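J.: no sequence on this one, just coordinates:
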């Protein structure tokens, strides 16, 4: 049993209207990534400084959509915030292609280059 992240990468199609964009992020469990994004840390990950404190879901997310983002610890971040944040200790040392943190950063970089500022809306189950 563990925690799973539910997410959506979105771009602003027109002012105030955000739409999901396809992406290659698999979202495998990474408690260091979860803690860095702001989720309540699990044992051993409580020294990680989050990009931003949890904000809740964006105001434009309808009540019908809330369940898509899990059960708790809702938030959102922009690609600018993610790409300018300090990485957790040791994250950049791992050049394993299956490293979930590196995979996440690469997806954010790709989407930011393709679309400009992107937001990721997320929450957690478990």
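T.: All right, it came through fine. Just so it is clear, the model here is predicted, and its values are computed rather than measured. Numbers count the residues shown, from 1 in each chain.
J.: report the buried residues of the longest helix along the chain.
T.: For the chain, the helix that runs over the most residues, judged by DSSP state H, is helix 100-115. Along helix 100-115, these residues count as buried under the neighbour rule (16 or more other C-beta atoms under 10 Å): 100-105, 107-108, 111-112. From N, CA and C alone the C-beta is placed, and that goes for glycine too.
J.: could you do stretch 17-25 as well?
T.: In stretch 17-25, counting by 16+ other C-beta under 10 Å, buried: 18, 23, 25.
J.: related to what we said a few turns ago, check which element follows the longest helix of the chain along the chain.
T.: Downstream of helix 100-115, the next assigned helix or strand under DSSP states H and E is strand 119-125.
J.: show residues contacting that next one.
T.: 3-11, 18, 34, 37, 39, 57-58, 61, 69-79, 82, 108 (C-beta atoms under 8 Å, 6 or more residues apart in numbering).
J.: repeat that for 6 Å
T.: 3-10, 39, 69-74, 76-78 (C-beta atoms under 6 Å, 6 or more residues apart in numbering).
J.: just the element for residue 82, please.
T.: helix 79-84.
J.: likewise residue 8?
T.: Secondary structure assignment for residue 8, by DSSP H and E: strand 4-14.
J.: in that strand, what's buried?
T.: Quick answer for strand 4-14 (16+ other C-beta under 10 Å): 5-11.
J.: paired strands for that strand, with orientation please.
T.: Looking at strand 4-14 with DSSP bridges, its partner strands are strand 17-20 (antiparallel), strand 119-125 (antiparallel).
J.: turn those strands into JSON lines, including mean pLDDT and distance to residue 30.
T.: JSON lines is the format used below for the strands paired with strand 4-14 (pLDDT from 0 to 100; distance: least, C-beta to C-beta, whole Å):
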{"stretch": "strand 17-20", "mean pLDDT": "93", "distance to residue 30": "21"}
{"stretch": "strand 119-125", "mean pLDDT": "93", "distance to residue 30": "12"}
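J.: ok, which of these comes nearest residue 48?
T.: strand 119-125 (15.2 Å; C-beta to C-beta).
J.: report the buried residues of the closest one.
T.: Under 16+ other C-beta under 10 Å, the buried positions of strand 119-125 are 119-124.
J.: same deal with stretch 71-79?
T.: Using 16+ other C-beta under 10 Å as the test for burial, stretch 71-79 gives 73-79.
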